[in-house]
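Undergrad: Below are the sequence and a predicted model for it; my questions follow.
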Amino acid sequence: MLQRDEIARPFSLVAELTYRCPLRCPYCSNPLNWQGEAYRQELATADWLRVIREARQLGVLQLGLTGGEPLLRNDLEILVETAAELGLYTTLVTAGTLLTTQRATKLRALGLDHIQISIQDSRAMESDRIAGMRSFEQKIAAAGRVKELGLPLTLNFVLHRHNLDRIAEMIALAETLQADRVELANTQYYGWALHNQNALLPTREQLANAEQVVQAAQKRGKIPMGILYVIPDYYADYPKPCMGGWGSRTLIVTPNGDGLPCQAAMAIPNLEFGNVRDRTLDWIWFESAGMNRFRGTSWMPEPCQSCDRQMVDWGGCRCQAFLLTQDESATDPVCHLSPHHTQIQSILARLPRQAEQFVYRDCDQ
Amino acid sequence: MNGQSCPRLACGVRLFWDEVRQQHFLLFPEGAIKLNRTAQLILELCDRHHTIDQIIAELAIQFPDANLKSDVYQLIAQITQRGFLNDATA
């Protein structure tokens, strides 16, 4: 285990204020059991205020207020106000449907720094189908409000088989809406997205085309703060450095107060992280067994142990390793050097010829 | 940008002194850049009221020996390229 002074302080806190959301996206990053009893016991305002203060003391610079839909929390305003007083760079990550002019104006006045709005597709009908409700027009209106208020706007498009062919339209939409920053993030396969993998995983041809479109748009340079493009790691040769390394940059707090190194980490059994109801953020970050479990490189198996990329990709994603091999300390099977890489190859080889229909996140398992 | 340009931080971009790390940062959507002393002083003067020539002149008082002109232009070009600085006169 690393000593306290060898552990870097976190830069970001992702505050998942609630898992409730009007949208029903089939790749939602919330856990499959988001409706479970534990997550209904959401933290009280006082708990979140303490978490935000402790986060700043811990060294956090960036606060993401997310969910579910964070605008469903009536105490969002006081959380933003407190974060702003502490100097935290505060982002609201929203689906946009509940972002009224009144609320956006208030949040801006209280010190909110930045708003990210998700859009599911470039066309209303398709976007509404993926979101599982009519929402596209409201999202477009919300994006306009953000710009009118003079706040920087990030648009986030989650990409998958059903929308990837319209990536050029999505970028054009972002340019029209004068987005300052765009995230084009292919779905990663945990939780709901893994459940819907057959419906969502794109083809190699779709990806090749998307990459060209993105490169052209980056060259065009109409999005001032840039276009972030994330490929689905099943098609990569090496795994992604998940979260910049386990417990190295980002801390997540779930609606019921669990502290985690990533949004999917609760999928791995028998890891103890601690809950902000009975532990400080400092303890969770520096002392908890779960947060320390995959720090550094000494936990790594071969081929990672002797690989010169071990501090580039940090062995890849622990949640993905567990979900695919039932061993959370295995090399991420996405890596072509992994002994389990054939699993990825066979998933890609078995892709259905036509995109299948997906299951919305509110449906029974 | 040239000597008569008045750079200013783009909307949603700001400077921050981190008491915890004892370190100056530039903060922007989803990121932070550590700033050394010179970078911090240059960006503090990117307030749309100073031309680049004035920024260089002002810092030359504090750092008479440094190769200021190229430092200032290099930093401003880098930060502008990432969309975090604009020319207020443009």
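TA: Structure's in. What do you need? Quick caveat, the model's predicted, so the values are computed rather than measured.

Undergrad: Retrieve the pLDDT associated with residue 52.
TA: Defaulting to chain A. On the pLDDT scale, residue A:52 is placed at 98.

Undergrad: was after chain B, sorry
TA: We note a pLDDT of 96 for residue B:52 in this prediction.

Undergrad: OK, contacts around the residue sitting nearest the centre point of chain B?
TA: A centroid search over chain B (C-alpha atoms, centre = their mean) returns residue B:43, at 2.2 Å, as the residue closest to the centre. Residue B:43 is in contact with B:9, B:15, B:26, B:35, B:75, B:79, counting by C-beta atoms under 8 Å, 6 or more residues apart in numbering or on different chains. Glycine gets a C-beta too; all of them are placed from N, C-alpha and C.

Undergrad: Swap in 7 Å and give it another go.
TA: Residue B:43 is in contact with B:15, B:26, B:35, counting by C-beta atoms under 7 Å, 6 or more residues apart in numbering or on different chains.

Undergrad: would you list every one of the strands in the chain?
TA: The chain I'm using is chain A. Along chain A, counting by DSSP state E, strands occupy A:12-16, A:62-66, A:89-94, A:114-118, A:153-159, A:181-186, A:227-230, A:250-253, A:259-260.

Undergrad: hm, I was asking about chain B
TA: Assigned strands in chain B, in chain order: B:7-9, B:14-18, B:23-28, B:31-35, B:85-87 (criterion: DSSP E).

Undergrad: Quick one: list the elements packing against the first one.
TA: Going back to what we said before, that points to strand B:7-9. strand B:85-87 (3 or more C-beta pairs under 7 Å, 6 or more residues apart in numbering or on different chains; DSSP states H and E).

Undergrad: what's the model's confidence in the strand it packs on, averaged?
TA: Strand B:85-87 shows a mean pLDDT of 95.

Undergrad: Each with direction, which strands does it pair with?
TA: strand B:7-9 (antiparallel) (DSSP bridges).

Undergrad: chain center to the partner strand: distance?
TA: Taking C-alpha atoms, centre = their mean, to the nearest Å, one finds the center of strand B:7-9 at 8 Å from the center of the full chain.

Undergrad: Mind listing residues that contact that strand?
TA: B:1, B:46-48, B:52, B:76, B:84-88.

Undergrad: who in chain B is up against chain A?
TA: Applying C-beta under 7 Å from any C-beta of the partner chain, we find that chain B lies next to chain A at B:10-12, B:16, B:18, B:20-21, B:25, B:27, B:29-30, B:32, B:82-83.

Undergrad: Look up the closest residue to residue A:30, ignoring the ones flanking it.
TA: Distances taken as C-beta to C-beta, 6 or more residues apart in numbering or on different chains place residue A:19 nearest to residue A:30, at 4.7 Å, with adjacent residues excluded.

Undergrad: Is it correct that that neighbour is in contact with residue A:67?
TA: Yes: taking contacts as C-beta atoms under 7 Å, residue A:19 lies within contact range of residue A:67: 6.4 Å.

Undergrad: ok, back up a step: of the contacts of residue B:43, just the buried ones, PyMOL syntax please.
TA: Per 16 or more other C-beta atoms under 10 Å in any protein chain shown, the buried members of the contacts of residue B:43 correspond to this PyMOL selection:
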select buried, chain B and resi 26+35
